[in-house]
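Trainee: this one's sequence-less:
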C-alpha cells in the first residue's frame, strides 16, 4: 500500500508540472492586457514603460521560469488590476466560495443519499418513481435558468429570501463566514440550493444504482438467512458497501463545485473566487487567472489522491490488488 501511495504522489507531481506549462502558455498567448490597463491616449513611451513594469517585454519562456521561481516561493505575481499579490486577492475571496461549495455538497448528501436509498429499496413504489423523475429535472435544467427562477420566485415575487451578496457575516478562526448568522444563512440558501441541484441528482441516482447492485449479492442473502433485521442489513451491509463509489464521486465533485461555481456566483453576486475569475478574464488580469487555474489543478490532484487512498481503505479488494 505504501508503494502505491508513493507512485500516486509521483504521478500527481508530474501532472502539476505539466499543467503549469499548459496553463501559463495558454493564458499568456491570449490578448494583450496593456490595451485594457493603459489610457488609450498614452504615447508609445508610456506603453513601453508599462510593458516593462509588468514583465511582458521578456520572452515567453523567460516569463515562465520567473513564474515557476515565484510559485516555488509562494508568489504567483502581482495582479495587474489590484496591484497586489495575486494569491492574496484569491485567498480573500476563497472562503466565500468554499462556504458555498461545502453548503451545496452537504445539501446534496443529506437529500441525495436518503432519497436514493429509498428509491433503491422500493423501486416500484410511486414515491420512488416521483423521486427519479425529479432527478431527471435536476440533470436537465440549466443552472443559470434555475438560479434566475429562484430569484424571481423567492426573492422578487414572495420576498422570502435575498437575491445577492453574502449578508451579515461573523468571524471564526480569523475568517468571515455567512453561515454563522441568520442573515448570512438567508443569503446563502438560494445560491447553495442552485449549486447543489445537479449534484443532488447525481448522488441520488448513484445511490439508487448502488443499492440495486448490492441487494442481490450473496452476503445480503446470507444476512437475511441469519435472521438479521432489515434495518440492520441496510445500515451495516448495504450502506457500508454503498459508500465506496459514493465517496469516490463526492470527493471529485467537491472540486468541481469550487471550480465551476462561476455561474452561480455571477447570478447571485456572491463575492467568491468564481466571480473574481470572470472579472479577471474580462480585464486580462493574467496573474489572477494563472494563480486561480493552478490552485484548481492542485485542488483536483489532491482530491483525486485523497479519494484513491480512501477507496483503498474502504475496499479491501483494491489493497489486495495493489499488493499483488
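Mentor: Alright, I've got the coordinates. Since we're looking at a predicted model, the values are computed, not measured.
Trainee: When you work out contacts or count neighbours from here on, use the C-alpha atoms and nothing else.
Mentor: OK.
Trainee: The stretch 101-250 of the chain: helices as residue ranges?
Mentor: 126-140, 143-150, 182-214, 218-225, 230-232, 239-259 (DSSP state H, counting those that start in this stretch).
Trainee: looking at those, which is closest to residue 82?
Mentor: Closest to residue 82 of the helices of the stretch 101-250 of the chain, according to C-alpha to C-alpha: helix 239-259, at 21.9 Å.
Trainee: Quick check: which helices or strands does the next helix or strand after the closest one pack against?
Mentor: Note on helix 239-259: by DSSP states H and E, the next helix or strand toward the C-terminus is helix 262-267. Under the contact criterion of 3 or more C-alpha pairs under 8 Å, 6 or more residues apart in numbering; DSSP states H and E, helix 262-267 touches helix 143-150, helix 182-214, helix 273-282.
Trainee: comparing those, which gets the lowest mean pLDDT score?
Mentor: Sorting these by mean pLDDT places helix 273-282 lowest, at a mean of 82.
Trainee: if we can go back for a sec, mind putting the helices of the stretch 101-250 of the chain into a markdown table with mean neighbour count and distance to residue 23?
Mentor: As requested, the helices of the stretch 101-250 of the chain are exported to a markdown table (neighbours: other C-alpha atoms under 10 Å; distance: least, C-alpha to C-alpha, whole Å):
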| stretch | mean neighbour count | distance to residue 23 |
| --- | --- | --- |
| helix 126-140 | 15 | 30 |
| helix 143-150 | 17 | 27 |
| helix 182-214 | 22 | 26 |
| helix 218-225 | 13 | 49 |
| helix 230-232 | 11 | 50 |
| helix 239-259 | 18 | 15 |
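Trainee: Go through those helices and name the closest to residue 81.
Mentor: Using C-alpha to C-alpha as the measure, helix 239-259 is the one of the helices of the stretch 101-250 of the chain that comes nearest residue 81, at 21.9 Å.
Trainee: circling back: of all the helices of the stretch 101-250 of the chain, which one comes closest to residue 61?
Mentor: Closest to residue 61 of these is helix 239-259 (C-alpha to C-alpha; 27.5 Å).
Trainee: in terms of contact, does residue 258 touch residue 97 like I think?
Mentor: Yes: in terms of C-alpha atoms under 8 Å, residue 258 counts as a neighbour of residue 97; the distance is 6.4 Å.
Trainee: Torsion angles phi and psi at residue 174?
Mentor: phi 80, psi 10 (degrees, to the nearest 10).
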